[in-house]
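Asker: What follows is a predicted structure for the sequence shown.
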Amino acid sequence: MSEQGLVLLVDDEAMVREATAQWLELSGFEVRCFSRAEAALEQIEPFCAGILLTDVRMPGMDGIQLMQEAFRRAPDMPVILLTAHGDVDMATAAMRDGAYDFIEKPYVPDRLVERLRRACEKRRLTLENLRLQQNLATQSGIDARLIGISPAIQRLRREILSLAELETNVIIYGETGTGKELVAQCLHDYGKRSKRPFVPINCGAIPENLIESELFGHEAGAFTHATKRRIGKFEYASGGSLFLDEIESMPLNLQIKLLRALQEHVIERLGANAPISVDLRVIAAAKVDLREDPQFREDLFYRLGVSELHIPPLRERIEDVPWLFVHYLRKGALDNDREPRTLSDHDLDALQSYAWPGNVRELKNIAIRYAIDPRVSLVELLSRQQPLQSRPVAHRQSLPLAVQVAEYEAQLIREALEQHQGNIKSVMDMLDLPRRTLNQKMQRYGLNRSDFTLS
Ligand SMILES: Nc1ncnc2c1ncn2[C@@H]1O[C@H](COP(=O)(O)OP(=O)(O)OP(=O)(O)O)[C@@H](O)[C@H]1O
Ligand SMILES: [Mg+2]
């Protein structure tokens, strides 16, 4: 494929066709010429990489009919019409019907090249999106559970599959929301213990005085509120996998007991003397490097961390963002009986320039909210995520200028609508905006006039 993209050029006049083709080829486009619309149409299919540049007035099928037929075969293909001078009415009608652009003949070559370049870029992004959606639909197995195309995620999937087969203990490192629990679950599900229980326990969420009994269980009467015997997670998980989440918050005295259980494969319930043997695989997760943590026993670290998995934060594998977003967008639509919403190029840009401090969990929440509420724009959701005032400087800087500007623009329009109680004419005057532009912007930011009227 040429540098600039492929142009399907249709014109019945040989001279115009050849001159245009020559100019475009010199400008870096690949050009296929057709003297009749019918012949061009044969080349158009959903994944056709090109855009259509066509004369309007031609014998046989004319340019407008060609455009309509082309949309039936490749709905998102940009079509640029070459119109005769003064044919403004026809051109505006064509734009309403979905033409990407029109150019009056005789055209200014540089301007034509510029518009074609933009149309080709749009086509490229559309195709990328289409392929992405197709691939998502055909994935299965671990690819469908742990989504992403970045080298880091591909490596992680391979590591999980090879570690799953082994019986070694594993520590999973990653920031909040990066998928540590999901990875732990995959290690279990693709391993030999998959038919046995996977038992998660969050060491950070359980009060310190209860962790011991949670892990090891207790006999009736072992302590004040222990009225009945209770089986602990260790025993319960025997034969399967125990997932110790936030292991860095495990108190020192329990670390010793955990170490003993792992070394000797036995536990004792609180208030009992009889050792119970357990057969466990332990998968732990931590947000900090346990090696550097003075509160964490070195011997326990070596016992637990036979293997390590590191999940990088989303901002370091930004190419995964569209995949994850489309996945959860579809799921959100399906679960809530909504039509799937589409993403514009602008949306994809915004998604990939946001810093995602809450990683995949944050992304999933936004995708689902976007899927459920057709009135809300993505830019609006991203800016609501963490109000600018409270956003730490580092994140504020990482917001792209376009998102910040859009955020500010939405705020100004919202304020004007409030001030004039939804009176569009007054808002147009105040902001000095034509009605069409104002309408477009309100639509983009999910602003409805009726939300600002008094009655
Ligand atoms: N690569 C991925 N593909 C699909 N979904 C993912 C991926 N990574 C994470 N998720 C989803 O994101 C959410 C958060 O993941 P998870 O709970 O595993 O993160 P975590 O690292 O354990 O977070 P925390 O540190 O806050 O406990 C889950 O709903 C999970 O299914
Ligand atoms: Mg977790």
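Answerer: Done, it's in. Numbering: from 1, shown residues only. Ligands and ions are numbered 1, 2, ... in the order given.
Asker: What parts of the stretch 101-250 of the chain come near ligand 1?
Answerer: Leu146, Ile147, Gly148, Gly174, Thr176, Gly177, Thr178, Gly179, Lys180, Glu181, Leu182 (CB under 6 Å from any ligand atom). (C-beta placed from N, C-alpha, C; glycine too.)
Asker: try 8 Å
Answerer: With CB under 8 Å from any ligand atom as the criterion, the stretch 101-250 of the chain comes near ligand 1 at residues 145-148, 153, 172, 174-185, 202, 245-246.
Asker: And the residues you listed, which of them are buried?
Answerer: Buried members of these, counted by 16 or more other CB atoms under 10 Å: 145-148, 153, 172, 174-175, 177-185, 202, 245-246.
Asker: Against ligand 1, how distant is Leu242?
Answerer: Note on Leu242: its distance to ligand 1, by CB to the nearest ligand atom, to the nearest Å, is 15 Å.
Asker: I'd like the numbering to begin with 145 instead of 1 from here.
Answerer: Happy to do that; since the first residue is 145 now, the last one works out to Leu386.
Asker: which ones are touching that residue?
Answerer: Counting by CB atoms under 8 Å, 6 or more residues apart in numbering, Leu386 touches Val343, Ile345, Lys377, Phe378, Leu424, Arg425, Val426, Ile427.
Asker: Can you report phi and psi for it?
Answerer: In terms of degrees, to the nearest 10, the main-chain angles of Leu386 are phi -110, psi 130.
Asker: who's it bridged to?
Answerer: Assessed by DSSP bridges, Leu386 has beta-bridge partners Val343, Val426.
Asker: State the distance from it to Ile455.
Answerer: Leu386 sits 20 Å away from Ile455, going by CB to CB, to the nearest Å.
Asker: and what of Lys324?
Answerer: Relative to Ile455, and taking CB to CB, Lys324 is found at 6 Å.
Asker: and for these two, which residues touch both?
Answerer: Ile316, Tyr317, Gly318.
Asker: between these, which is nearest Thr236?
Answerer: Proximity of these to Thr236 was ranked by CB to CB; the top entry is Gly318 with 53.5 Å.
Asker: among the buried ones among the residues of the stretch 245-394 of the chain next to ligand 1, which are in helices?
Answerer: Arg289, Ile297, Lys324, Glu325, Leu326, Val327, Ala328, Gln329 (DSSP state H).
Asker: Whichever residue of the stretch 445-594 of the chain sits closest to ligand 1: neighbouring residues, count only.
Answerer: Taking CB to the nearest ligand atom as the measure, the point where the stretch 445-594 of the chain comes nearest ligand 1 is Val504, at 3.5 Å. Number of residues near Val504 (other CB atoms under 10 Å) recorded here: 24.
Asker: what about it, which SS state?
Answerer: At Val504 the chain is in helix, as set by DSSP: H, G, I helix; E, B strand; the rest coil.
Asker: residues contacting it?
Answerer: Going by CB under 8 Å, 6+ apart, Val504 touches Gly321, Thr322, Gly323, Leu458, Leu468.
Asker: Let me have these in CSV, extended by pLDDT and distance to Arg588.
Answerer: Formatted as CSV, the contacts of Val504 follow (pLDDT from 0 to 100; distance: CB to CB, whole Å):
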residue, pLDDT, distance to Arg588
Gly321, 95, 28
Thr322, 97, 31
Gly323, 97, 32
Leu458, 96, 25
Leu468, 94, 23
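Asker: Out of these, the closest to Glu303 would be?
Answerer: Of the contacts of Val504, the one sitting nearest to Glu303 (CB to CB) turns out to be Gly323, at 13.3 Å.
Asker: Run through the residues that contact that closest one.
Answerer: By CB under 8 Å, 6+ apart, the residues touching Gly323 are Leu290, Ile455, Asn503, Val504.
Asker: Which residue does the stretch 245-394 of the chain have closest to ligand 1?
Answerer: Closest point on the stretch 245-394 of the chain to ligand 1, by CB to the nearest ligand atom, is Gly323, at 2.8 Å.
Asker: Run through this protein and note the low-pLDDT ranges.
Answerer: For the chain, the stretches with pLDDT under 70 are 145-146, 277-284, 530-546, 599.
Asker: Spatially central residue in it, please.
Answerer: Phe469 (2.4 Å; CA atoms, centre = their mean).
Asker: where's that residue, which helix or strand?
Answerer: Following DSSP states H and E, one finds Phe469 within helix 465-479.
Asker: again, but for Leu153
Answerer: Using DSSP H and E, Leu153 falls in strand 149-154.
Asker: what angle sits between the next helix or strand after that strand and strand 149-154?
Answerer: From strand 149-154 onward toward the C-terminus, using DSSP H and E, the following helix or strand is helix 158-170. Interaxial angle of helix 158-170 relative to strand 149-154 (axes from the mean of the first three to the mean of the last three CA atoms, to 10 degrees): 180 degrees.
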